[in-house]
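>>> Pasting the sequence and the predicted coordinates here, then a few questions.
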Amino acid sequence: MLRPQQVHVVAVDQAGLIDQDISCGRCAYNLRGSPLNGSCPQCNMPLVGLQARTPPVPEKLLDDAGTVIADVSCRRCGYNLRGLARDGRCPECATPVAPSVQRDLLRYAEPKYVRRIARGNSCIWVGLILALLSSGLLYAGYLVAPAFADSASDSLMLIAAAAGVLLGAASLFGIIAFFCGLWMITAPEPSVFGARQRDRSVRLARRCLLASVVGVGTSTLVDLLVPPVPIMALNQVVGLTFAVLGVIGVVAYLQHVRSLALRLPNQELTNLAGWLARTLGIVLSVLLFFCVIETLIAWGPTTLDLLGIASSTPVPTTPSAMSTSAAPPTNPLASALVPVEACIGRFAAFILLMSLIGLLRLHRRLRKPLRKQADLAEAHWHNAEVLVAAAPRPQQ
């Protein structure tokens, strides 16, 4: 930890930025990537008592003349840059060499990519706040409304209805902002050779979340149409399948956020993202498990009869029978599970609420560091272009 009364010798990269993990003495912020003579990005405490030292020889990728002396792949095309000058360009794709010889941190990534991640994180944070607050107020109004329904005047009822519409619109806007932020923050990193394996969680999160949103939304619309019993039974199975994809997508998304926190780097946010991935994965899986059990008990016989696997209960074939209510058949076992589901549901709802609060805290604390990394990335790539432009050209 940095203490103003002491002198600390730290590693500094070519751009004059701190190149090792050292915490601020006031707020414990990781100062890696901050200017040596600047201030803490978190609390603005001046960084005094720091002295630069050269990195150890085994970690050097450049010699004293600025030539690459190790096997370093171009970040865009994978060309081996050994023997090229730091202020030069890759002969295959003309990308500056300087960004390729840095560590895999966000401040060295392409600025547009880092800026997009920062915007996606802000959209997620704003969307979560809007959706949770508006949904909570709507639910509170739903609980309180019956007590005032008889004594309320027409004008008050009109105001309550307008407030409900506004809160519903705010909740919908928050959900849209949340999923737009998810799409931006899970964008694959462009122009990075060999990043396909690392971006596996990104692709998994995008595909599973998109499929779950479309599938669960379609299943909900089918439920609202009150279809015949066989179609309703199949719709329940399809909806659960897409819900499983949603759980997988949420865990993959949080694992991706954890990898972003590692590239800040910020160990506290990394641990928080990992805890959220484990907690939400377990809670959502438990809830989904009980939903599967309940669906199998309630709709299993109807589904098996429809598929021709079992014939214990005849499937209605007449038009009048096919158009009856889509309520599931009564089952004594399903009734016996109601108290157990209620108890587990309350506990899971509490854990889920704590996890959502942790998710809000995670994205709120990521806002400032991500914006800082985007600014550093723009400065770093600008300096790389300046180095290339200022480098002497060989004589023809």
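Alright, I've got the coordinates. Numbers count the residues shown, from 1 in each chain.
>>> What average pLDDT does the host helix or strand of residue 343 get?
In this structure, residue 343 sits in helix 338-390 according to DSSP states H and E. Taken as a whole, helix 338-390 has a mean pLDDT of 77.
>>> Next: stretch 35-53.
According to the model, stretch 35-53 has a mean pLDDT of 74.
>>> How about stretch 239-247?
According to the model, stretch 239-247 has a mean pLDDT of 84.
>>> and what of stretch 270-286?
87.
>>> Just the C-alpha atoms of it, please, in CSV.
Output of stretch 270-286 as CSV, limited to C-alpha atoms (Å, rounded to 0.1, in the frame of the first residue of the first chain):
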residue,chain,number,x,y,z
THR,A,270,-13.0,-9.5,-9.8
ASN,A,271,-14.0,-11.3,-6.6
LEU,A,272,-17.4,-9.6,-6.6
ALA,A,273,-18.2,-10.6,-10.2
GLY,A,274,-17.1,-14.2,-9.4
TRP,A,275,-19.3,-14.4,-6.3
LEU,A,276,-22.3,-13.1,-8.3
ALA,A,277,-21.7,-15.6,-11.0
ARG,A,278,-21.7,-18.5,-8.5
THR,A,279,-24.6,-17.2,-6.4
LEU,A,280,-26.9,-16.3,-9.2
GLY,A,281,-26.1,-19.5,-11.0
ILE,A,282,-27.0,-21.6,-7.9
VAL,A,283,-30.1,-19.6,-7.0
LEU,A,284,-31.5,-19.5,-10.6
SER,A,285,-30.7,-23.2,-11.0
VAL,A,286,-32.6,-24.2,-7.8
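>>> List the buried residues of that stretch.
Residues 270, 272-274, 276-277, 279-281, 283-284 are the ones in stretch 270-286 that count as buried (16 or more other C-beta atoms under 10 Å). No exception for glycine: its C-beta is placed from N, CA and C like everyone else's.
>>> Need those in a markdown table (columns: secondary structure and distance to residue 109).
Formatted as a markdown table, the buried residues of stretch 270-286 follow (DSSP: H, G, I helix; E, B strand; the rest coil; distance: C-beta to C-beta, whole Å):
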| residue | secondary structure | distance to residue 109 |
| --- | --- | --- |
| 270 | helix | 17 |
| 272 | helix | 22 |
| 273 | helix | 18 |
| 274 | helix | 21 |
| 276 | helix | 23 |
| 277 | helix | 22 |
| 279 | helix | 29 |
| 280 | helix | 27 |
| 281 | helix | 27 |
| 283 | helix | 33 |
| 284 | helix | 31 |
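>>> Tabulate the residues you listed (CSV), appending distance to residue 208.
Below are the buried residues of stretch 270-286 laid out as CSV (distance: C-beta to C-beta, whole Å):
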residue, distance to residue 208
270, 22
272, 22
273, 18
274, 19
276, 17
277, 14
279, 18
280, 14
281, 13
283, 17
284, 12
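>>> so what secondary structure elements neighbour the helix or strand where residue 291 lies?
According to DSSP H and E, residue 291 maps onto helix 267-307. The elements that helix 267-307 packs onto, with contact taken as 3 or more C-beta pairs under 8 Å, 6 or more residues apart in numbering; DSSP states H and E, are helix 229-262, helix 332-336, helix 338-390.
>>> Could you say which of those is packed most deeply?
helix 229-262 (a mean of 20; mean count of other C-beta atoms under 10 Å).
>>> any idea how far the residue most central in space within the chain is from residue 91?
Nearest to the mean C-alpha position of the chain, by C-alpha atoms, centre = their mean, lies residue 253 at 4.3 Å. Using C-beta to C-beta, to the nearest Å, one gets 38 Å for the distance from residue 253 to residue 91.
>>> What is the burial count for residue 144?
11 (other C-beta atoms under 10 Å).
>>> could you measure it against residue 201, distance?
Taken as C-beta to C-beta, the span from residue 144 to residue 201 is 43 Å.
>>> Tell me which of the helices and strands packed on helix 267-307 sits nearest to residue 37.
helix 338-390 (15.3 Å; C-beta to C-beta).
>>> Can you show me the helices along the stretch 51-200 of the chain?
In the stretch 51-200 of the chain, the helices defined using DSSP state H, counting those that start in this stretch lie at 111-148, 154-185, 195-198, 200-224.
>>> what packs against the longest one?
Judged by 3+ C-beta pairs under 8 Å, 6+ apart, helix 111-148 is in contact with helix 154-185, helix 338-390.
>>> now do the last one
Counting contacts by 3+ C-beta pairs under 8 Å, 6+ apart, helix 200-224 is packed against helix 154-185, helix 229-262.
>>> 6 Å - rerun?
Packing partners of helix 200-224 (3 or more C-beta pairs under 6 Å, 6 or more residues apart in numbering; DSSP states H and E): helix 229-262.
>>> now the helix it packs on against helix 200-224, angle please.
Taking axes from the mean of the first three to the mean of the last three C-alpha atoms, to 10 degrees, helix 229-262 and helix 200-224 form an angle of 150 degrees between their directions.
>>> So that it lines up with my notes, have the first residue be 610 from now on.
Yes, from this point I'll number from 610; that puts the last item at helix 838-871.
>>> any weak-confidence spans in the stretch 760-909 of the chain?
760-761, 800-808, 836, 838, 907-909 (pLDDT under 70).
>>> Thanks again, I'm all set now.
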